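*Asks:* Model the following, please.
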Amino acid sequence: MGDGTASGLKIDRGVPSDLGRVPEVAAALERQGYDGCWTGELSHDPFLPLLLAAEHTRRLEIGTSIAVAFARSPMTVANLGWDLQAYSQGRFILGLGSQIQPHIEKRFSMPWSHPVRRMREYILALLAIWDCWHDGTPLRFAGEFYTHTLMTPMFTPETNPYGVPKVFVAAVGEAMTEMCGEVADGLLAHAFTTRRYLDEVTIPALERGIKNAGRARDDVAVSCPVFVVTGEDESQMRVAAVPVRKQIAFYASTPAYRKVLELHGWGELQTELHRLSKAGEWDVMGTLIDDDVLEAFAVVAPVDTLAAALHRRCAGAIDRVLPSFPAAVPQSTVTAVLQELRSCP
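*Replies:* Modelled structure (predicted):
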């Protein structure tokens, strides 16, 4: 199905953390025409599945969405990225995220401070390490948070003919988004993102960073998961909407994402959902996501118009999309939708 749609849009999918399933799933995604596959860091390591995905594919790009940066030293991540880039023959994308302070300090037992400044420096440290390995530049990185000034031949990896990996960073707030525009190769937008938030907040912040760094818009890709509610008829679509409403409600209950709701005038919804989450009323929370909220966060369309609806959601803003098709939708239908989406102008 090529390297992208007529408009340049790339279509990606997640792969499971279960290592035993990765080879079959990754190979199937490549056959189905997906451009890339991503792993997240929840209850398993995000890098190990990608080694298997690389082994069992030839074209599919592979990436972490995300690996927790502040849980690891830049040197550790530099090694992982270098090896995956070499083994995949240039198909690896290093997607990083900051996580939140309680997890960094209490789960990973690592330091937390100034996440935007720290992430910027983290990326610059990675680039300095890779520059040392790739071009032989002396390693003399001394920053506020990270210092890397020692590299001997014994610890220098073999030459990588495929260059260094691209680095994407997860961002919701304007400061982290602007930083992405300055130093990263891509932005990993959150699934809890509306097209209006992209147009009015995310893209302007990204472009400010790009302008500050003297870069071009094409230098920075935007990758975004998109909730999908679809079916052959209204009954199927009602059923498909239930878990999506619950997922949106879960994200909407989080104070960190309130700003997305406030842009639409739905700030009080976050207050109520947060209260219900504290009470464990997860099923009730989903009923508070009405059709207007659902359609702001999800692409809601019957199968026969789904490709056009996905294209409208992405056009001019999203370069890589991860559509979350309902589990009940047959794979043949998904394949047909992807083929139609690729033909959109």
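*Asks:* now the strands for the protein?
*Replies:* Remark: strands assigned in the chain by DSSP state E are 10-14, 36-39, 61-64, 67-68, 92-97, 141-142, 147-148, 166-170, 186-188, 221-229, 298-300, 320-324.
*Asks:* In CSV, list those along with distance to residue 242.
*Replies:* For every residue, glycine as well, the C-beta is placed using N, CA and C. Shown next, in CSV, are the strands of the chain (distance: least, Cβ to Cβ, whole Å):
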stretch, distance to residue 242
strand 10-14, 21
strand 36-39, 25
strand 61-64, 30
strand 67-68, 31
strand 92-97, 28
strand 141-142, 50
strand 147-148, 49
strand 166-170, 27
strand 186-188, 27
strand 221-229, 9
strand 298-300, 12
strand 320-324, 14
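*Asks:* how about the ones you listed, which one is nearest residue 335?
*Replies:* Checking the strands of the chain against residue 335 by Cβ to Cβ gives strand 10-14 as the closest, at 11.1 Å.
*Asks:* And for that closest one, what's in contact with it?
*Replies:* Strand 10-14 has contacts (Cβ atoms under 8 Å, 6 or more residues apart in numbering) with 3-5, 29, 33-40, 61, 65, 223, 319-323, 338, 341-342.
*Asks:* what lines up beside it in the sheet?
*Replies:* strand 36-39 (parallel), strand 320-324 (parallel) (DSSP bridges).
*Asks:* mean confidence for that strand?
*Replies:* Mean per-residue pLDDT for strand 10-14: 96.
*Asks:* if we can go back for a sec, rebuild the strands of the chain as a markdown table, extending it with distance to residue 274 and mean neighbour count.
*Replies:* Converted to a markdown table, the strands of the chain look like this (distance: least, Cβ to Cβ, whole Å; neighbours: other Cβ atoms under 10 Å):
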| stretch | distance to residue 274 | mean neighbour count |
| --- | --- | --- |
| strand 10-14 | 27 | 21 |
| strand 36-39 | 29 | 25 |
| strand 61-64 | 29 | 26 |
| strand 67-68 | 24 | 22 |
| strand 92-97 | 22 | 27 |
| strand 141-142 | 41 | 14 |
| strand 147-148 | 40 | 16 |
| strand 166-170 | 22 | 23 |
| strand 186-188 | 25 | 25 |
| strand 221-229 | 20 | 22 |
| strand 298-300 | 21 | 22 |
| strand 320-324 | 24 | 23 |
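*Asks:* just so I know, which of those lies nearest residue 127?
*Replies:* Nearest of the strands of the chain (Cβ to Cβ): strand 166-170, 7.9 Å.
*Asks:* Just the pLDDT for residue 83.
*Replies:* 98.
*Asks:* Now it: closest residue in space, sequence neighbours ignored.
*Replies:* Counting by Cβ to Cβ, 6 or more residues apart in numbering, residue 157 is the residue found nearest to residue 83 once chain neighbours are left out, at 7.3 Å.
*Asks:* and what of residue 192?
*Replies:* Nearest to residue 192 is residue 251, by Cβ to Cβ, 6+ apart, at 3.9 Å.
*Asks:* Next, count neighbours for the one you found.
*Replies:* The tally of other residues near residue 251 (other Cβ atoms under 10 Å) stands at 19.
*Asks:* what's the answer for residue 161, then?
*Replies:* Residue 161 - counted by other Cβ under 10 Å - has 10 other residues nearby.
*Asks:* residues in contact with it?
*Replies:* residue 86 are the contacts of residue 161 under Cβ under 8 Å, 6+ apart.
*Asks:* Mind listing the residues bridging to the spatially closest residue to residue 318 that is not a sequence neighbour?
*Replies:* Spatially, and ignoring its direct neighbours in sequence, residue 318 is nearest to residue 224 (4.8 Å; Cβ to Cβ, 6+ apart). As for beta bridges, residue 224 partners with residue 321 under DSSP bridges.
*Asks:* and residue 224, what does it touch?
*Replies:* 188, 189, 190, 191, 193, 198, 314, 317, 318, 320, 321, 322.
*Asks:* ok, the third one touching residue 172?
*Replies:* Same thing as residue 190. Yes - if you go by Cβ atoms under 8 Å, residue 190 and residue 172 touch, sitting 5.1 Å apart.
*Asks:* Can you check which residues contact both of these two?
*Replies:* By Cβ under 8 Å, 6+ apart, the residues touching both residue 190 and residue 172 are residue 257.
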